[in-house]
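J.: Below is the sequence, then the predicted model.
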Amino acid sequence: MAALPRRIIKETQRLMQEPVPGISAVPDESNARYFHVIVTGPEDSPFEGGLFKLELFLPEDYPMSAPKVRFITKIYHPNIDRLGRICLDILKDKWSPALQIRTVLLSIQALLSAPNPDDPLANDVAELWKVNEAEAIRNAKEWTQRYAMEDN
Amino acid sequence: MGVCLCKDKVEDNNFSNEDEDTDRYTYMVRPNGGQNGNGNSCNNNNQRLSDRVDQLVKETLDVIASIVDDEPETPNSMLLLHDITDSIKGWLCLVKSLIRVVPLDHPLGASVIGLLLDDSPLPSKESVIEVAEMIESNTTIPCERNLCVILGCLAEKLLGPCSIAILTETTLAYLLKNISSNEVAKDVKLFSLIAIEKFAQTAENKSLIKKKLASYPEHPLLTLEKYVNETEDYTMRQIGFCAKWSLDNYFLIENRKYSYQTVNVDGINVMLNTKDVSEYLKISEDGLEARCDSYSFESVRSTFSVKSGAWYYECLIITSGVMQIGWAQKESHFLSSDGYGIGDDAYSVSFDGCRKLIWYNAKSTAINLPQWKPGSICGCYIDLDAKEVIFSLDGKESFVFKDCFTDKNVDLGFFPAASYMSFQQCRFNFGAEPFKFPPNRPFNNFNEVAVLKPQDKIILPRHLYLEELRKLSVTDDSCSLCFDSLATIRLKPCGHKGFCSNCTTMLSNCPICRADIAHTEEMIQETTNTNQNASS
């Protein structure tokens, strides 16, 4: 528990007071830099109906460097690999300290609505997404059913 | 270096080279030796897979134990394991192999189990339930300690529904039996206790465990807590430390005072600094003992730094694994999740008595001291005038190390500091107690020179500390990036404002529009900022 920057305290307060629809981000009881995140699968996407757990960690030099985020729930998506790592420009070279936990999570939600197989992280998933989108979407739905539904 | 092998780097090559991928796959299923072509081929395949995983686990253990490099490549054995553990069968094979293969006396054994599980693809709920079922089945488990380490890892990694799913009635009964029975081996007891703590990170589990613990005639944690100062048996001491930590942080008992309320810190003038530590390190209520149970490489600096003269402190080594103990300047960063710690940058130097290395600037030098073990005394001596650092183990001194001094850095001051790999623990003596092996040369005593205000000696349990923090408020005219200082700077040429001078120095592009920053302009203070200090 290094001295916690006001920036993090302020963001946390706002996340609690004005939550983002479809996203829950709760700071860990014992680590204010670690957030337990749940993102609801967006409507009209193959992830609809799923609840996806993620972990979000604010590194020591946050906000000068991006939060570290990864999926805990298995997900079939061309930009998310089997370790749950996410290929998203704002988490890498397009990070800006003006972005926030809130904006990062909204971007991830948007990524679920709009998979981008041309900038893949999970190669085999992206490949199928390109050559046979219908089958890829079926797989994504099946995985959502299997790994991200309430009773799982 | 810690054990995190820079996960980000894996991304660069993991999915790009298809040939290599195929190679790895064929390597994995290739019959080992090709000696038997008969019999049930399915069984043979299973046998081969499990032999192969065993071998890869052993290789990983060897590689990690011998890392002396600043930016190690992810070992090939780990990449191969990645592929295998992608399937449920492969993942279970890894778990079984870890239980079977990792030697109990290997100083990095428990750490490597955590590392391999953390680096494997996410297990599904079906997989973790199978692990829980290993306990239910009556088959004898070869190394129960390893099973308990694995349960803890899974509980931590799979916070929430999966963690609840593994903590079946049988699993919980098993863990509780381990911590409360005298028949159980001490290392099993220790890692069961740690697993219980990690399961309690999921709220539903926590209330369940709390209730079960309270139903014992004598609360098991209160019994174990008594071993916290054990000086003969260092496994029991670790158990005591973890029990006490759990009682202060997770399983609060009515009428039990927090440890910080009962400890006497009158004679202690230097502590490990709870405001200068990475997130997961556990620090005792007297500020002198620390322990890491997470999978990151956790670091801490002390409260007092020195700029001139000669100084000495000692550490009682409680666990024999990787710790990097030494000296760090304020400028040294704790990049715990990337595996960097004390000795892994140009502003710190450390002794690692497990791998017998001195670390400076993320480069290691072999040191002429034996390997440390529980009960060893690690001595750290620094002479800032002669620009010398000497480490010692049980009084035997290392050669003089001078590389860590530059012309400028001495004025910045050096703090005693340390980094911990998972499941490691040591206790500092800054001079409040007599030294066991004082160096045969003049030195100053930290504890006699330093002063610590009474309010700075209070080490709160985390939930209380975070409650305090959240009461802070900020004003509207503060910097939009840090909220710490006033926003006084305008960026040119884009003209965006709302940043303080400190944040601005760390920017090369505008955070709002990404335009290059040619120069910055101090804005004239508006007359309304009468509440400049209202938030401090």
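T.: Cool, got the structure.
J.: From the contact counts, what lies against the helix ranked longest in chain A?
T.: Ranked by residue count under DSSP state H, the longest helix found in chain A is helix A:133-147. Where contact means 3 or more CB pairs under 8 Å, 6 or more residues apart in numbering or on different chains; DSSP states H and E, helix A:133-147 is packed against helix A:123-131. (C-beta placed from N, C-alpha, C; glycine too.)
J.: check whether the helix it packs on contacts chain B.
T.: Yes: part of helix A:123-131 sits near chain B under the criterion CB under 8 Å from any CB of the partner chain, namely residue A:123.
J.: tell me the mean pLDDT over that helix?
T.: For helix A:123-131, the mean pLDDT works out to 88.
J.: got the angle for that helix vs helix A:133-147?
T.: Counting by axes from the mean of the first three to the mean of the last three CA atoms, to 10 degrees, helix A:123-131 lies at 130 degrees to helix A:133-147.
J.: Give the buried residues for helix A:123-131.
T.: Buried positions in helix A:123-131, judged by neighbour count with 16 or more other CB atoms under 10 Å in any protein chain shown: A:123, A:125, A:126, A:128, A:129.
J.: cool, and stretch A:17-34?
T.: Result for stretch A:17-34 [16+ other CB under 10 Å]: buried residues A:23, A:24, A:25, A:27, A:28, A:29, A:30, A:31, A:32, A:33, A:34.
J.: and that stretch, is it in reach of chain B?
T.: Yes: using CB under 8 Å from any CB, we find that stretch A:17-34 touches chain B at A:27, A:28, A:29, A:30, A:31, A:32, A:33, A:34.
J.: Name the residues that touch that stretch?
T.: The contact list for stretch A:17-34 (CB atoms under 8 Å, 6 or more residues apart in numbering or on different chains) reads A:1, A:4, A:8-9, A:12, A:15, A:35-40, A:42, A:55-59, A:62, A:101-102, A:105-106, A:109, B:201, B:249, B:279-280, B:462-463, B:466, B:469.
J.: go with 7 Å
T.: For stretch A:17-34, the external contacting residues (CB atoms under 7 Å, 6 or more residues apart in numbering or on different chains) are A:4, A:8, A:12, A:15, A:35-40, A:55-58, A:101-102, A:105-106, A:109, B:249, B:279-280, B:462-463, B:466, B:469.
J.: Could you do stretch B:220-228 as well?
T.: B:179-180, B:213, B:236-237, B:239-241, B:243-244, B:246-247, B:251.
J.: how distant is it from the center of its chain?
T.: 23 Å (CA atoms, centre = their mean, to the nearest Å).
J.: Close to chain B: what parts of chain A are there?
T.: A:1-7, A:9-10, A:29-33, A:36, A:53, A:57, A:59-60, A:63-64, A:68, A:72, A:74, A:81-85, A:96-98, A:121-123, A:147, A:152 (CB under 7 Å from any CB of the partner chain).
J.: Go through those residues and flag which are in helices.
T.: Residues of the residues of chain A next to chain B located in helices (DSSP H): A:6, A:7, A:9, A:10, A:123, A:147.
J.: Selection in ChimeraX covering whichever of those are buried, please.
T.: The ChimeraX selection below is limited to those of those classed as buried (16+ other CB under 10 Å):
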select /A:6,7,9,10,123,147
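J.: Where does confidence bottom out across the ones in helices among the residues of chain A next to chain B?
T.: residue A:123 (77).
J.: So residue A:102 versus residue A:20, what's the distance?
T.: 6 Å (CB to CB, to the nearest Å).
J.: gap between the two ends of stretch B:99-107?
T.: 16 Å (CA to CA, to the nearest Å).
J.: Run through who's touching that stretch.
T.: Under CB under 7 Å, 6+ apart, the answer for stretch B:99-107 is B:54, B:57-58, B:61, B:109, B:112-113, B:141-143, B:145-147, B:150, B:187, B:320-321, B:354.
J.: Since that was my last question, I'll sign off now.
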